[in-house]
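> for reference, the sequence and a predicted model appear below.
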Amino acid sequence: MCKKLWYGAFLLLWVLGTTTQAATVIWVSDNKGYGDIEPNVPGDMGWAQLLEAQGHTVDYRNQNEYVDGEQYWRTLDANKVAELEAADLIIISRNADSGSYAGVADNEPNLWNAVSTPLINLNGYMARSNKWGWLNTTGTTRSNDGVLTLADPAHPIFDGIVTDANSQVAVLSGGYNVDWASAADAGNGTLLATGAGSDLASIVTWEAGQAYFEGGAAIAGGPRMLFTAGTGSKNSGDSYAPDGMYNLTPAGEQMFLNAVKFMLTKSIDIIWVSDNKGFGDIEPNVPGDIGWAELLQLQGYTVDYRNQNEYIDGEQYWRTLDANKVAELEAADLIIISRNADSGSYAGVADNEPNLWNGVTTPILNLNGYMARSNKWGWLNTTGTSRAKAAMLTVIDADHPVFAGIVTDANGQVAGLSADYNVDWADSNDVGNGTLLATGAGSDLVSIAIWEAGQAYFEGGAAVAGGPRMLFTAGTGSKNSVPDGMYNLTPAGEQMFLNAVSYLTPDVAISLPVENGSFEMPGTEKIKGWNGEGVSGTPAVDIPGWASDEVVGDSGVESDWPGSTDGDWTCFMQGYDPAAYNLTDYVIQAGDVLTLSIDARDNWTEEASMPASIGFNLYYDVDGVRMSLVAGLGELTTSWANFTVSVNVDDVPEAVGALLGVEILNATASDQSWIGADNVQIFKEL
């Protein structure tokens with residue numbers, strides 16, 4: 001799985017409840033270079049450098065040399081397959097020789113195709129039917145025409161791409177050849193773009209479990225994308241370039257980075273809970289709410305929709321939970337409850353169903369007003385519903401991420417739902433202990449609301465949120481002669497819904513390097529002072545990565561107090577001591593969404609009535625002067641807790657191009673206070 005970062009936005013500062021792991025992209029290449037370009041440097045190194053500049057961790061074996069016959073990924077075994085499965089994304093370079101990865105006798109194509117990790121293949125040779133079997137052709141076509149025709153300009157990988165009147169855009173440099181598989185037919189895949197000066201398949205996606213084309217033996221073990229790119233073989237008299245050299249135009253680079261984000265999003269698993277009901281006068285045997293799942297799949301999410309092509313009365317999978325089903329729900333990244341789900345069938349009190357659902361720690365997005373009632377799952381203190389064809393929602397908190405990009409009228413209202421169909425609201429205008437985001441139904445009834453994990457939904461109610469919860473009332477309701485839960489969002493409503501999904505799902509993010517972020521170096525003994533001052537007779541040793549503007553009184557690193565959250569060492573900081581700061585090598589980019597995460601606790605504070613506090617700050621460096629990007633302040637207890645603060649760099653445009661740093665200090669108003677800090681990390685949202 002990719003590194004997943006839980007973004008909350010109730011407050012700027014909040015306690016993080018999930019763990020984070022660094023993302024990994026495995027780059028599969030033969031590391032070949034040519035002396036007339038750059039001696040002993042792999043020809044496709046530019047791709048890895050682009051990804052690393054974005055903050056990705058790229059696993060590129062033998063990247064500084066070409067050792068014939070020792071290309072790591074040419075022959076797979078159980079250990080290498082395990083490495084591929086543990087990665088977040090695999091990219092196959094045009095620098096990889098297709099014949100060396102397709103040994104039929106060694107089962108290589110089947111092993112590669114069976115890997116469940118999302119995979120982007122830049123290599124047209126590898127896609128052929130006699131190699132990995134993605135396209136039904138054994139031929140290749142060579143061309144230096146870098147213009148692609150977009151078959152689906154609305155697809156997320158084309159976000160920000162401007163085409164001409166013919167839906168065409170220059171994606172690949174015209175200075176070098178590119179080798180396409182000679183197939184115009186994408187088979188069972190989804191054709192996104194054609195190229196090579198013709199209609200050859202250039203960008204194609206396949207879903208996990210899908211046969212690549214009818215009659216072919218190969219099946220996609222995970223999400224797959226063909227993205228034909230990287231320089232190819234030369235024509236006689238052409239200048240020589242290494243196979244697979246970086247060859248994208250600015251538009252092509254944006255498209256490739258969009259593709260990487262899209263494929264990483266495939267690692268986000270959404271369970272859609274529905275009764276799969278449809279009506280014959282709409283579309284026979286097709287679930288009425290399938291449009292929601294299709295929208296999510298288009299965005300790149302992996303959607304688990306059981307029995308999606310038929311309605312089998314009494315066999316709706318999620319109606320009755322057991323330990324195995326609860327485990328499935330816990331393993332997902334998001335659960336969405338459809339209006340198509342009959343509330344009474346999921347709320348059997350005797351079977352403990354409401355308690356089981358509410359106990360799940362995975363975030364739940366509930367579209368179903370009936371389910372939210374106190375006699376069902378107990379989110380709102382009402383047993384009634386109100387039915388209305390009311391399109392307008394009144395936005396209560398316009399700054400919440402759910403409303404990003406939403407423009408309201410002078411009354412703070414926006415048309416979020418189609419006015420053509422009924423919608424069923426829980427008959428309540430009080431969210432109890434939750435946070436109200438929007439009202440609807442032509443009145444002040446709760447439309448969108450959130451509750452935090454561990455929060456009782458309302459005073460006097462028995463139900464407690466086992467994880468983050470959102471009510472987002474949507475989907476067609478009763479008495480419309482349409483299926484319950486049919487997709488009914490306006491363009492603004494669709495944006496709100498996708499924002500809600502993004503808000504509740506762990507965003508794909510990557511960890512930016514912070515030198516000695518867990519204070520494990522030098523790892524010798526207790527040291528006071530960040531700059532090697534040797535305060536109070538401790539060793540005069542610099543703490544790698546960290547510095548302070550002045551000599552401290554009693555701050556530094558230690559391992560024997562009071563425990564740690566990452567490794568064996570922590571920092572300790574006395575009240576009124578100067579801040580410690582750490583300047584990274586990361587150059588801030590426009591559009592960056594950055595999050596600082598830090599673990600902290602109160603080691604000891606003399607005055608029990610005075611709460612210990614930690615201050616922390618993401619900053620940008622201007623000629624050695626630390627300028628704040630965003631700052632946070634956290635109140636501490638004697639137990640470790642995690643604190644984060646986030647910023648969109650577009651809100652501080654003067655920071656673009658500067659180096660990024662982090663600063664921490666004991667913000668307690670007493671010199672008789674010591675705090676501990678550990679596991680300082682910076683994440684960048686993709």
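Yes, it's here.

> am I right that residue 604 sits in a helix?
No: checked against DSSP: H, G, I helix; E, B strand; the rest coil, residue 604 lies outside a helix; its state is strand.

> verify the stated contact: it with residue 674.
Yes: between residue 604 and residue 674 there is a contact at 5.4 Å, judged by C-beta atoms under 8 Å. For every residue, glycine as well, the C-beta is placed using N, CA and C.

> so for these two, which sits in the more crowded spot?
residue 674 (23 against 14; other C-beta atoms under 10 Å).

> just the CA atoms of the strand or helix carrying that one, as CSV, please.
Secondary structure from DSSP states H and E places residue 674 in strand 673-685. Only the C-alpha atoms of strand 673-685 are listed here, as CSV (Å, rounded to 0.1, in the frame of the first residue of the first chain):
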residue,chain,number,x,y,z
SER,A,673,9.2,22.4,32.0
TRP,A,674,10.8,19.8,29.8
ILE,A,675,9.0,18.2,26.8
GLY,A,676,10.0,15.3,24.6
ALA,A,677,9.6,15.1,20.8
ASP,A,678,10.2,12.3,18.3
ASN,A,679,9.4,11.1,14.8
VAL,A,680,9.5,14.5,13.0
GLN,A,681,8.2,14.0,9.5
ILE,A,682,7.1,16.1,6.5
PHE,A,683,4.6,14.8,4.0
LYS,A,684,3.7,16.1,0.6
GLU,A,685,0.2,15.3,-0.9
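
> packing partners of it?
Counting contacts by 3 or more C-beta pairs under 8 Å, 6 or more residues apart in numbering; DSSP states H and E, strand 673-685 is packed against strand 507-512, strand 570-574, strand 580-587, strand 593-605, strand 613-622, strand 659-666.

> could you identify which of these is most buried?
strand 570-574 (a mean of 25; mean count of other C-beta atoms under 10 Å).

> sheet-wise, list the partners of that strand with their directions.
Strand 570-574 has its sheet partners listed here by DSSP bridges as strand 556-558 (antiparallel), strand 673-685 (antiparallel).

> can you tell me which of those comes nearest to residue 595?
strand 673-685 (4.6 Å; C-beta to C-beta).

> now do that closest one: distance to the chain's middle.
22 Å (C-alpha atoms, centre = their mean, to the nearest Å).

> pretty sure residue 436 contacts residue 394?
No: judged on C-beta under 8 Å, residue 436 makes no contact with residue 394 at a distance of 10.1 Å.

> what about residue 73, distance to residue 32?
14 Å (C-beta to C-beta, to the nearest Å).

> the more surrounded of those two?
residue 73 (21 against 18).

> ok so the more buried one is a helix residue?
No: under three-state DSSP, residue 73 falls outside any helix and is assigned coil.

> wait, doesn't it sit right on residue 101?
Yes: with contact defined as C-beta under 8 Å, residue 73 reaches residue 101; the gap is 7.2 Å.

> what touches both of the two?
residue 28 (C-beta atoms under 8 Å, 6 or more residues apart in numbering).

> now do the contacts for the nearest residue to residue 661 once chain neighbours are set aside.
Excluding the flanking residues, the one nearest residue 661 by C-beta to C-beta, 6 or more residues apart in numbering is residue 583, at 4.1 Å. Residue 583 makes contact with 621, 659, 660, 661, according to C-beta under 8 Å, 6+ apart.

> returning to that earlier point: now the angle from the strand holding residue 674 to strand 613-622?
50 degrees (axes from the mean of the first three to the mean of the last three C-alpha atoms, to 10 degrees).

> secondary structure class for the residue nearest to residue 618 when sequence neighbours are not counted?
Counting by C-beta to C-beta, 6+ apart, residue 618 lies nearest to residue 629, which is 4.4 Å off, once chain neighbours are set aside. Here residue 629 takes the strand state, with states given by three-state DSSP.

> and residue 629, what does it touch?
With C-beta under 8 Å, 6+ apart, residue 629 has these contacts: 588, 594, 617, 618, 619, 620, 647, 649, 652, 655, 660.

> ok, these vs residue 445, which is closest?
residue 647 (34.8 Å).

> which element is that closest one on?
strand 641-648.
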